[in-house]
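Undergrad: Next come a sequence and a model predicted from it.
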Amino acid sequence: MKFIDMFAGIGGFRFGLEKAGHECAGYIEWDKYARKSYQAIYNTEGEFTANDIREVKGIELPDVDLWTFGSPCQDISIAGKQKGLVKGERSSMFFEVIRLLKERIGGKKKVPAYLIMENVKALLSSNGGRDFARVLIEMDKVGYDAEWCVFDSAEVVPQHRERVYIVGHLRGAGTRQVFPIQ
């Protein structure tokens, strides 16, 4: 399966997906140090790449089966100012992914069959749960059914970090349930 790594950081999603036999077709990351690390870790030659997701047009993206993203969490995290998904300058970048999907739909381009989103556990309760509901509603509007689960990284690495993972399935594509992972 081919995928695009958005808000790529240094490639956490990519690492796991490539280990599972999948192929990265491109990445988007604005932080120059993260980009340098990403390029040093992975062979990115010939891949689609962009610095700022706000400058990308949906129809420019390569056709892939999966989009991965973990939009910035600073406005959602309990350690942040808790401006939320809509009012937060960074966390609102989630809506850029939705914009890209809408542009692909409008341009009659292939949309990915799957979306995988990761964020802090506080997304579930941000703004009284309205931010999480908004994520699900926005995914629904562009044709994705979603399921989610909270994982604690302490299950696999020596660090306690709870994260919510949301898997979007393109409606009508037919797929089996992902969560809970047994």
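TA: Perfect, thanks for sending it.
Undergrad: what secondary structure does the residue lying farthest from the centre of the chain sit in?
TA: Here the centre of the chain is the reference, and by CA atoms, centre = their mean the most remote residue is P158, at 23.8 Å. Secondary structure assignment for P158 (DSSP: H, G, I helix; E, B strand; the rest coil): coil.
Undergrad: what's the distance between it and Y165?
TA: 20 Å (CB to CB, to the nearest Å). Heads up, the C-betas are built off the backbone N, CA and C, glycines and all.
Undergrad: quick one: pLDDT of the spatially most central residue of the chain?
TA: The centre of the chain sits closest to F69, judged by CA atoms, centre = their mean, with a distance of 1.6 Å. As predicted, F69 sits at a pLDDT of 95.
Undergrad: so where's this structure uncertain?
TA: 73, 75, 77-80, 86, 88-89, 174, 179-182 (pLDDT under 70).
Undergrad: Helices along that one, start to end?
TA: Taking DSSP state H as the test, the helices found in the chain are 12-19, 32-41, 84-87, 94-106, 130-141.
Undergrad: and for the fourth one, what are the contacting residues?
TA: Here helix 94-106 makes contact (CB atoms under 8 Å, 6 or more residues apart in numbering) with 6, 53-54, 56-59, 61, 67, 69, 71, 85, 109-111, 115, 117, 135, 138-139, 141-143.
Undergrad: Determine which of the helices of the chain approaches K2 most closely.
TA: Closest to K2 of those, according to CB to CB: helix 12-19, at 9.8 Å.
Undergrad: tell me how far that closest one is from the chain's mean position?
TA: Centroid separation between helix 12-19 and its chain, computed with CA atoms, centre = their mean, to the nearest Å, is 13 Å.
Undergrad: what's the answer for stretch 109-127, then?
TA: The answer for stretch 109-127 is 6 Å, by CA atoms, centre = their mean.
Undergrad: buried sites along that stretch?
TA: 111-124, 126-127 (16 or more other CB atoms under 10 Å).
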